[in-house]
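Peer 1: Prediction below, plus the sequence it came from.
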Amino acid sequence: MEIIMNFQKKSYAVFGLGRYGYSVATELVNSGAEVLAVDKNEAAVNAASTEIPRCQCADVTDAAAIKQMGIANMDVVVIAMANHLEESILAVMLCKEVGVKHVIVKCATEMNRRILLKVGADKVVFPEQDSGMRLAKNLLSSGFIDMFELSGDIALVEVDVHPEWCGRSLSELDLRKKYAINIVAIKQQDKVTVNIDPKEKLSEDMQLFVIAHKSKLKKLN
């Protein structure tokens, strides 16, 4: 059972059809998402078109091409060109210029990550740590910061504290009973606490690590 139960219809563009970009795009397509895959290499586009209905050969560093392809209408753009930092930077800037709300970029080094975040990327992933399939499933989960499959039915998810939970404790909220979830850790400003005080008040700068049956995740989100 794939983690797509709270899938909301969104549109995605994937720039770069190497192994990583192809993996992201095909996983999204197979889950029923609307996907536009783009690469300037015509051979790569032709090869991918058998699995991805909307493939286009274009230069994503060209402002005219970005407008012509309707990238402004995309909910999420994934830029999978880690070996081409300059092109990735330009693509991020152009996507943000036309109003794309969520731009995710694959990168090769920590320095590149800092640069890409500076120019507007919303999230940067390292291919050796984040598989294309995992990224696609996280996108489809729509609302969770991150997600790890522990088994066929159980997942560990990282989720922001909901606004209505702020100022209340876990004992007050009784999330386990309401959502059938187990909170195993709380993160605040990069500090992770596993010995949780159930009476501590939650705040908006916290994230919760939750283990739950996948069938319960839609209700949590």
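Peer 2: Alright, I've got the coordinates.

Peer 1: Val105 and Thr26, how far apart?
Peer 2: Distance of Val105 to Thr26, computed by Cβ to Cβ, to the nearest Å: 19 Å. C-beta here means a position set from N, CA and C on the backbone, and glycine is covered the same way.

Peer 1: Which one of the two is surrounded by more residues?
Peer 2: Val105 (30 against 20; other Cβ atoms under 10 Å).

Peer 1: wait, the more buried one sits on Val76?
Peer 2: No: with contacts counted by Cβ atoms under 8 Å, Val105 stays clear of Val76, the gap being 11.6 Å.

Peer 1: residue boundaries of the helices in the protein?
Peer 2: 19-30, 42-48, 63-68, 85-97, 110-118, 132-141, 170-173, 175-179, 217-220 (DSSP state H).

Peer 1: contacts for the third one?
Peer 2: Taking contacts as Cβ atoms under 8 Å, 6 or more residues apart in numbering, the residues outside helix 63-68 that touch it are 58-60, 72, 94-95, 97-98.

Peer 1: How about the contacts made by Gly18?
Peer 2: With contact taken as Cβ under 8 Å, 6+ apart, Gly18 is in contact with 44, 80-81.

Peer 1: meant to ask about Glu86, not that
Peer 2: Counting by Cβ under 8 Å, 6+ apart, Glu86 makes contact with nothing.

Peer 1: quick one: which of the contacts of Gly18 is nearest to Ala33?
Peer 2: Nearest to Ala33 among the contacts of Gly18: Ala80, at 15.7 Å, using Cβ to Cβ.

Peer 1: So that closest one sits against Ala37, correct?
Peer 2: No: Ala80 lies out of contact with Ala37 (Cβ under 8 Å); the separation is 9.7 Å.

Peer 1: Now, of the contacts of helix 63-68, which are buried?
Peer 2: If you count burial by 16 or more other Cβ atoms under 10 Å, the buried members of those come out as 58, 60, 94-95.

Peer 1: before we move on, back to that, can you list residues touching both of Ala80 and Ala37?
Peer 2: Counting by Cβ under 8 Å, 6+ apart, the common neighbours of Ala80 and Ala37 are 14, 17, 21.

Peer 1: Redo the residues you listed as TSV? Include distance to Lys177 and pLDDT.
Peer 2: As requested, those are exported to TSV (distance: Cβ to Cβ, whole Å; pLDDT from 0 to 100):
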residue	distance to Lys177	pLDDT
Val14	40	97
Leu17	46	95
Gly21	42	92
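
Peer 1: Lys214: which of these is nearest?
Peer 2: Taking the shared contacts of Ala80 and Ala37 together and measuring to Lys214 by Cβ to Cβ, the closest member is Val14, at 24.7 Å.

Peer 1: Could you check how far the closest one is from Ser31?
Peer 2: As for Val14, its distance to Ser31 is 13 Å (criterion: Cβ to Cβ).

Peer 1: In terms of neighbours, single out the busier of the two.
Peer 2: Val14 (31 against 16).

Peer 1: which ones are touching the more buried one?
Peer 2: Applying Cβ under 8 Å, 6+ apart, the residues near Val14 are 21, 24-25, 28, 35-38, 77-78, 80.

Peer 1: now do Asp122
Peer 2: 101-104.
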